[in-house]
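[1] just to be clear, the model below is a prediction. Sequence and coordinates:
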Amino acid sequence: MIYRLDRFEENSINPITGQKYDDSWIILMLTDSHDYRQMCGSSNGCAYTIKISRFKYDEWKMAVCDFIGFNKENGKNVILVISDEDLEAAKRYYEGHKYNEHFLREKEPLVLVHSTTMSSWKSIKNDGMLKSWNELKAEDAITQERPIGIILGDPLDFSDYIMFGGGITGEIVVNSKQQGKIVMDENAEYLTGARLYFDAKMIAQDGLLIRDGCHLKVKDVLPLKPYLIWTATWDTIGLASQLSTPKIFAEQADKQFENYLHYKL
């Protein structure tokens, strides 16, 4: 079910049921913030909440409707904190689109980046594919009891997906896994792993790309061939050792990837 509210307070009491939230609920808030483009997580016992700024994110209408379509398809109970006028404007703008449409949109990245630890990279190469956390857990390939995202309040079903991101986001996740806690410091030392660059257009054309309003992701598994373009590890990008920081590793890897593309062209 989808519910729309004009006002909302982030706490443990669901305004629809009057009870505490269970895992079936998810929330999207359209905000006027100038501090972020998108922000997600759970606070004060609230359900997982995605906040989208109309002022910082030009494609907020697409994100709102991707969120609605994805979560409706997956049987979630959705709370939308958005005016009737904004919701109708988003729906009109979104006409002809779908959260899993088989083409890459004009403003979507041509390359999707996924970061992983060095030990996981070895397993990925052996398998010839990326696998979601739940896929790996079902195979007893990982020993952790829960994914690191649970600390941020990620819903359990997030672990059905392989997540992609740009900038330092993936390296923050790798470092947080190593530390067993969320570490947001881009200058914190950590053991670098592998940074994988995938062809987003091909992934979309093959019907694998999923948009949930906040993330670009693939469900369950993604074969390396034919989607993987290039892989960065500390030794292939010219670092002195495996020890680095998320900022240095991400920036140097992206620079070398651009050089690789230029050379290929």
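    Sure thing, it's come through.
[2] other SSEs contacting the helix or strand harbouring Met39?
    Applying DSSP states H and E as the criterion places Met39 in strand 38-41. Judged by 3 or more CB pairs under 8 Å, 6 or more residues apart in numbering; DSSP states H and E, the packing partners of strand 38-41 are strand 49-53. Any C-beta I mention is one placed from the backbone N, CA and C, and that applies to glycine too.
[3] from Thr192, how far out is the nearest residue to Asp157 once chain neighbours are set aside?
    Spatial nearest neighbour of Asp157, chain neighbours left out: Asn74 (7.2 Å); criterion: CB to CB, 6 or more residues apart in numbering. Applying CB to CB, to the nearest Å, the value for Asn74 to Thr192 is 34 Å.
[4] okay, these two: which has more neighbours?
    Set Asn74 next to Thr192 and count neighbours by other CB atoms under 10 Å: Thr192 wins out with 29 against 11.
[5] tell me the spacing between that one and Phe249.
    5 Å.
[6] where do the contact lists of those two overlap?
    Common neighbours of Thr192 and Phe249, using CB atoms under 8 Å, 6 or more residues apart in numbering, are Glu171, Trp234, Leu239.
[7] nearest to Val113, of these?
    Proximity of those to Val113 (CB to CB) peaks at Glu171, which lies at 9.7 Å.
[8] without its sequence neighbours, what residue ends up closest to the closest one?
    Pro246 (3.4 Å).
[9] for that neighbour, give its distance to Asn100.
    From Pro246 to Asn100 the distance is 30 Å (CB to CB).
[10] mind checking how far the residue nearest the centre of the chain is from Ile203?
    Among the residues of the chain, the one closest to the centroid is His215, at 3.7 Å (CA atoms, centre = their mean). His215 sits 14 Å away from Ile203, taking CB to CB as the criterion.
[11] show me what contacts the residue nearest to the centre of the chain?
    With CB under 8 Å, 6+ apart, His215 has these contacts: Tyr161, Met163, Phe164, Gly165.
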